[in-house]
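S.K.: the sequence and its predicted three-dimensional model are supplied below.
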Amino acid sequence: MNNVNSYIKEHKLRFLNELIELLKIPSISADSAYKNDVLKTADEIKISLKKAGCDHVEICKTDGYPIVYGEKIIDKNLPTVLVYGHYDVQPPDPLDLWHSPPFEPVIKETEKHPEGAIFARGACDDKGQMYMHVKALEFMTSTNQLPCNVKFMIEGEEEVGSSNLAIFVKENQDKLKNDVILISDTGMIASDVPSITTGLRGLSYVEVEVTGPNRDLHSGLYGGAVANPINILAKMIASLHDENNHITIPGFYDKVEELSKEERADMAKTPFSLENYKKALDINAVYGEAGYTTNERNSIRPTLDVNGIWGGYTGEGAKTVIASKAYAKISMRLVPHQDWEEITQLFKTHFESIAPDGVTIKVKPHHGGQGYVTPINSIGYQAASKAYKDTFGKTPIPQRSGGSIPIVSLFEQELKSKTILMGFGLDSDAIHSPNEHFGIFNYLKGIETIPLFYKYFTELSK
């Protein structure tokens, strides 16, 4: 693409300031107290798409938060790229672990980002990465270099399961018709080691409730005589893994694909330092399913993790009480071929079956989605690979991710097109955690690389 670097250099400060203003809005979809902020963010995305060159932009209402849709159709005979992203963010808790307020963005240098990184909730997931596409469009339209059609679908409920997006996609197949879907909501190996995500894990998320006596009890008068829901819950959760950290739910692994020795050998070629991994997390050992490496455990193997557990008295000082109820939130990351609804039911059946007498169990499913694999012989993947090669000077490595974007498998099912995952974040960017950040180098590199994807995809489609 002609002059993309000079364009970025000329507008760098504005590109940064516009993203910073977007990051100041606390668009937390999980907390209804921030409803107006989520809606305000949708309005800002609409304005940004219009300024970037979309001929048509609309805010599409759903039963939850709206979807911002935009398009620039230059010739119906040319290919169409559909860009997906989300404008909602995770809650920032725990606030006391942030080094600066989560919605007051600051730029600081880090070891991985010597050119500086923007610290704010949503910086990498996904406002920063989504906004790269808006600025890439601006460059292509303002320099008359857009080689094909483009559509945008930016939602506000990704962090809470995208249930209304699924309905929107099914009801708007003509509006969303495309030749390839482009998403930047993943990462790459390092700023000097580009990679393209070729696989995502699925997800099943549940909440469990254990109820014992009909009220909180004095632990001296009743301790040892009635079931303690917190003790019971802890034992039940502990039983979900065996001594090899293998998940004990009957049928859980029935559809898990075992990769061949050759595929595992290819995965092992990915640059990875176990010592640096441990050092970055301040741990003295890794932990996980026996027989698999760290990179295999967090990408090609399913998992079960407790995301939150509570019950009883947690305030300052002591209160000798046996709680009436105990709760936990549990997520299971799934690999391709595992059906999330089937796994949810297997979990529910098993968890209820292991409950001892004296307590009652409720399992409440939250949300989930299927895993996904992108073939590396597709035109979309080849176009992305050529784009990275141009801007980074080296061919990107195909890499499976441990994360989940549940809507991706639905896109293929409903829209009949493949998704290309061009992520520019790093593992160290602390998404979903305190001090989330996104490197300025990565942000601008995304704006530089994305237009080349359009160029090569159009050329390869002829």
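M.R.: That came through fine.

S.K.: any buried residues in the longest helix belonging to the chain, and which?
M.R.: For the chain, the helix that runs over the most residues, judged by DSSP state H, is helix 440-461. Within helix 440-461, the residues scored as buried using 16 or more other C-beta atoms under 10 Å are 440-458. All C-beta atoms are positioned from the backbone trio N, CA, C, and that covers glycine.

S.K.: ditto for stretch 37-48
M.R.: Quick answer for stretch 37-48 (16+ other C-beta under 10 Å): Asp37, Val38, Thr41, Ala42, Glu44, Ile45, Lys46, Ser48.

S.K.: Gly311 against Leu233, yeah?
M.R.: Yes. Gly311 is within contact range of Leu233, at 7.2 Å (criterion: C-beta atoms under 8 Å).

S.K.: out of these two, which sits in the busier spot?
M.R.: The residue with more neighbours, out of Gly311 and Leu233, is Leu233; 26 against 22, by other C-beta atoms under 10 Å.

S.K.: now do the SS call for the more buried one.
M.R.: Secondary structure state of Leu233, per DSSP: H, G, I helix; E, B strand; the rest coil, is helix.

S.K.: contact partners for it?
M.R.: Val208, Val210, Ile309, Gly311, Ala326, Tyr327, Ala328 (C-beta atoms under 8 Å, 6 or more residues apart in numbering).

S.K.: intersection of neighbour lists for Gly311 and Leu233?
M.R.: Contact criterion C-beta under 8 Å, 6+ apart; residues shared by Gly311 and Leu233: Val210, Ala326, Tyr327.

S.K.: top of the residues you listed by neighbour count?
M.R.: Ranking the shared contacts of Gly311 and Leu233 using other C-beta under 10 Å puts Val210 first, with 26 neighbours.

S.K.: contacting residues around the helix or strand harbouring Ile343?
M.R.: Element membership for Ile343, per DSSP states H and E: helix 340-353. The contact list for helix 340-353, computed with C-beta under 8 Å, 6+ apart, reads 202-204, 206, 208, 236, 248-252, 330, 332, 334, 361, 363, 365, 368-370, 406.

S.K.: buried set for it?
M.R.: Within helix 340-353, the residues that count as buried by 16+ other C-beta under 10 Å are Trp340, Ile343, Thr344, Leu346, Phe347, Lys348, His350, Phe351.

S.K.: want to throw the shared contacts of Gly311 and Leu233 into CSV with distance to Tyr69, secondary structure and pLDDT?
M.R.: Converted to CSV, the shared contacts of Gly311 and Leu233 look like this (distance: C-beta to C-beta, whole Å; DSSP: H, G, I helix; E, B strand; the rest coil; pLDDT from 0 to 100):
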residue, distance to Tyr69, secondary structure, pLDDT
Val210, 44, strand, 98
Ala326, 44, strand, 98
Tyr327, 38, strand, 98
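
S.K.: host element of the nearest residue to Leu452 once chain neighbours are set aside?
M.R.: Distance criterion C-beta to C-beta, 6 or more residues apart in numbering; nearest residue to Leu452, sequence neighbours excluded, is Ala387 at 3.7 Å. Per DSSP H and E, Ala387 falls inside helix 379-392.

S.K.: ok, Leu182 next?
M.R.: Going by DSSP H and E, Leu182 is part of strand 180-183.

S.K.: for that strand, what is the average pLDDT?
M.R.: The pLDDT scores in strand 180-183 average 98.

S.K.: doesn't Phe103 make contact with Pro26?
M.R.: Yes. Here Pro26 reaches Phe103: they are 4.8 Å apart, a contact under C-beta under 8 Å.

S.K.: which neighbours do those two share?
M.R.: With C-beta under 8 Å, 6+ apart, Pro26 and Phe103 have common neighbours Pro92, Arg121.

S.K.: higher neighbour count, these two?
M.R.: Shown here are Pro26 and Phe103; by other C-beta under 10 Å, Pro26 has more neighbours (21 against 18).

S.K.: where are the low-confidence patches of the protein?
M.R.: Scanning the chain for pLDDT under 70 picks out no residues.

S.K.: switch to 80 and redo it
M.R.: Counting by pLDDT under 80, the chain shows low-confidence ranges at 1, 406.

S.K.: on that earlier part again, for the contacts of Leu233, give me a markdown table that also has distance to Asp427.
M.R.: Below are the contacts of Leu233 laid out as a markdown table (distance: C-beta to C-beta, whole Å):
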| residue | distance to Asp427 |
| --- | --- |
| Val208 | 30 |
| Val210 | 35 |
| Ile309 | 26 |
| Gly311 | 33 |
| Ala326 | 33 |
| Tyr327 | 30 |
| Ala328 | 26 |
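
S.K.: just name the closest of those residues to Glu171, please.
M.R.: Each of these was scored against Glu171 by C-beta to C-beta, and Val208 proved nearest at 33.6 Å.

S.K.: surely the closest one meets Val363?
M.R.: Yes. Under the criterion of C-beta under 8 Å, Val208 makes contact with Val363 at 5.4 Å.

S.K.: looking at these two, which is more packed in?
M.R.: Legend: neighbour count by other C-beta under 10 Å for Val208 and Val363, higher for Val208 (23 against 17).

S.K.: check contacts around the more buried one.
M.R.: With C-beta under 8 Å, 6+ apart, Val208 has these contacts: Leu233, Tyr327, Ala328, Lys329, Ile330, Phe351, Ile361, Lys362, Val363, Lys364.

S.K.: then Ala238?
M.R.: Ala238 touches nothing, counting by C-beta under 8 Å, 6+ apart.

S.K.: one more time with 10 Å, if that's ok
M.R.: Val306 (C-beta atoms under 10 Å, 6 or more residues apart in numbering).

S.K.: got it, and Ile450?
M.R.: 1, 4, 81, 83, 132-133, 135-137, 139-140, 182, 184, 384, 387, 391, 422, 424.

S.K.: among those, which are located in helices?
M.R.: Under the assignment DSSP H, these contribute Val4, Met132, His133, Lys135, Ala136, Leu137, Phe139, Met140, Ala384, Ala387, Thr391 to helices.

S.K.: wait, the last one sits on Met188?
M.R.: No. In this structure, Thr391 is not within contact of Met188 by C-beta atoms under 10 Å, at 11.8 Å.

S.K.: touching both of these two, which residues are there?
M.R.: In contact with both Thr391 and Met188: Pro194, Lys445, using C-beta under 10 Å, 6+ apart.

S.K.: of those two, which one has the most company?
M.R.: Set Thr391 next to Met188 and count neighbours by other C-beta under 10 Å: Met188 wins out with 24 against 18.

S.K.: next one: phi and psi at the more buried one?
M.R.: For Met188, the backbone dihedrals (degrees, to the nearest 10) come out as phi -130, psi 170.

S.K.: returning to what we had before: please tell me how far the strand holding Leu182 is from the chain's geometric centre.
M.R.: 15 Å (C-alpha atoms, centre = their mean, to the nearest Å).
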